[in-house]
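Trainee: I'd like to go over a predicted model; first the sequence, then the structure.
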Amino acid sequence: MSAGPARATALRVVARSATRGEEQLVELEVLAHEAGLHPDLVRRLIALGLLDAADQPAGAPLFRRDAAARLARAARLRRDLGLNYAGAILACELLERIDDLEERLARYEHRR
């Protein structure tokens, strides 16, 4: 890949990003690029419930920029463990729940 297409992609990411409060919102194509996935696969994962678009007026749906990590995790689970898409999404949700519970436990133990 030459430097030209990579540079054009980087400009597109900046040009299509929108800031909403503290979170940065991006279009689906930007999210797919950052996750290293094809936009059609991202659309499929969204249709299966992995991500929700941010609330916004009419126009192309926008997603939180940090959702790229969730997409990449689902793709790795599918690839590395041989899970189907629904299984990879369920595993992502369970792993996120475990992370949340571990954080809460650490805060609880810190207060004691």
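Mentor: Alright, I've got the coordinates. All of these numbers come straight from a predicted model, not from anything done at the bench.
Trainee: now residue 94: how far from residue 70?
Mentor: The gap separating residue 94 from residue 70 is 13 Å, by CB to CB, to the nearest Å. No exception for glycine: its C-beta is placed from N, CA and C like everyone else's.
Trainee: just for the chain, where's the confidence low?
Mentor: 1-22 (pLDDT under 70).
Trainee: what comes up buried for stretch 37-45?
Mentor: 37, 41, 42, 45 (16 or more other CB atoms under 10 Å).
Trainee: still on that earlier bit, of residue 94 and residue 70, who's got more company?
Mentor: residue 70 (21 against 10; other CB atoms under 10 Å).
Trainee: from residue 29, how far out is the residue nearest to the more buried one when sequence neighbours are not counted?
Mentor: Distances taken as CB to CB, 6 or more residues apart in numbering put residue 92 closest to residue 70, at 6.1 Å, once the chain neighbours are dropped. Residue 92 sits 21 Å away from residue 29, going by CB to CB.
Trainee: now swap in residue 23 and tell me
Mentor: As defined by CB to CB, residue 23 lies at a distance of 18 Å from residue 29.
Trainee: before we move on, what about residue 53?
Mentor: Relative to residue 29, and taking CB to CB, residue 53 is found at 13 Å.
Trainee: cool, and residue 37?
Mentor: As defined by CB to CB, residue 37 lies at a distance of 11 Å from residue 29.
Trainee: thinking again about what came up before, run through the residues that contact the residue nearest to residue 70.
Mentor: 50, 70, 73, 74, 77 (CB atoms under 8 Å, 6 or more residues apart in numbering).
Trainee: residue 62 contacts residue 24, correct?
Mentor: No: counting by CB atoms under 8 Å, residue 62 does not reach residue 24; the two are 9.5 Å apart.
Trainee: neighbour-wise, which of those two wins?
Mentor: Each of residue 62 and residue 24 has its neighbours counted (other CB under 10 Å); residue 62 has more, 22 against 14.
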